[in-house]
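Trainee: how would this look folded up:
(3 chains)
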Amino acid sequence: MMSEAEAMGVQRELSQRVIQHDDLPRPVRIIAGADVEYDKHSDRIAGAIVLLDADTKAVLDAATHVMTASFPYIPGLFSFREMPPLLEAYQKLRLRPDVIVCDGHGVAHPRRFGLACHLGLELNVPTVGCGKTRLIGRYDDLALERGATAALLDEMTGDRLGLALRTQTGINPLFVSVGHRVSLGTAAQLVLSMCDAVRLPETTRQADKYAREALEAAIH
DNA sequence: GCGACAG
DNA sequence: ATCTTGTCGC
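Mentor: Residues are numbered from 1 along each chain as shown, chains lettered A, B, ... in the order given. Presented below is the predicted three-dimensional model:
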């Protein structure tokens, strides 16, 4: 298995190839969600990618893959654990997405190479990082209203890593960052467009559901 | 006692 | 649906 040091080297190398500006089909018609679910009692994991109609949010296609985790959970090396089942699931899809919203960060990462970057680069598909909790960076003065944003800043370098995005008024924000081939502004727009009356985007909710069902079916 | 750590 | 508390490691 790849060592931690090797994995970090891979991240530093590949991060050079991340594209941070818009290079995706417009308008976006098919938007995907990607998520991985874990079994509490074993190292079985299930990845799911679900394709939604960007306008109606109807599920157009979905694929899952259950396997044994080949890499431990280490903050910052998340993608080495979650990528394998997601790549397998992606190959099973019948349609191709215009963009994938990932359940994890993009460049809001210590080496600017979170799961969304890794998946986007590997598949050469536009991706957005959308985490539920912060990995690095700080923000303040985030207004309460739905749609409000605050820059997520690296405390040491001052780099803008992404945005804290309020998807519902008065509810804790999500953390949006560039994955690959999508600008930060577009990323935030896409995520917000997938949130109706709930905190999480429909892409993430559907992917989570499919992954959980696949894992459940594989174990029982 | 204190705390930074995606899932 | 969302948040948080207790817990563990340092």
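Trainee: Strands of chain A, start to end?
Mentor: Here chain A has its strands, by DSSP state E, at A:30-38, A:44-53, A:59-68, A:99-102, A:127-131, A:149-153, A:160-165, A:174-180.
Trainee: Put together CSV for those, with mean neighbour count on each row.
Mentor: Placement of C-beta: from N, CA and C, glycine included. Below are those laid out as CSV (neighbours: other Cβ atoms under 10 Å):
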stretch, mean neighbour count
strand A:30-38, 25
strand A:44-53, 24
strand A:59-68, 19
strand A:99-102, 28
strand A:127-131, 30
strand A:149-153, 19
strand A:160-165, 25
strand A:174-180, 29
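Trainee: quick one: which of those strands is nearest A:His21?
Mentor: Of all the strands of chain A, strand A:174-180 sits nearest to A:His21, with 8.8 Å by Cβ to Cβ.
Trainee: in chain A, which helix has the most residues?
Mentor: When chain A is parsed with DSSP state H, its longest helix is helix A:202-219.
Trainee: mind checking pLDDT for the nearest residue to A:Glu88 once chain neighbours are set aside?
Mentor: Closest residue in space to A:Glu88, ignoring its immediate chain neighbours: A:His65 at 3.7 Å, by Cβ to Cβ, 6 or more residues apart in numbering. pLDDT, A:His65: 97.
Trainee: Appreciated, that's everything.
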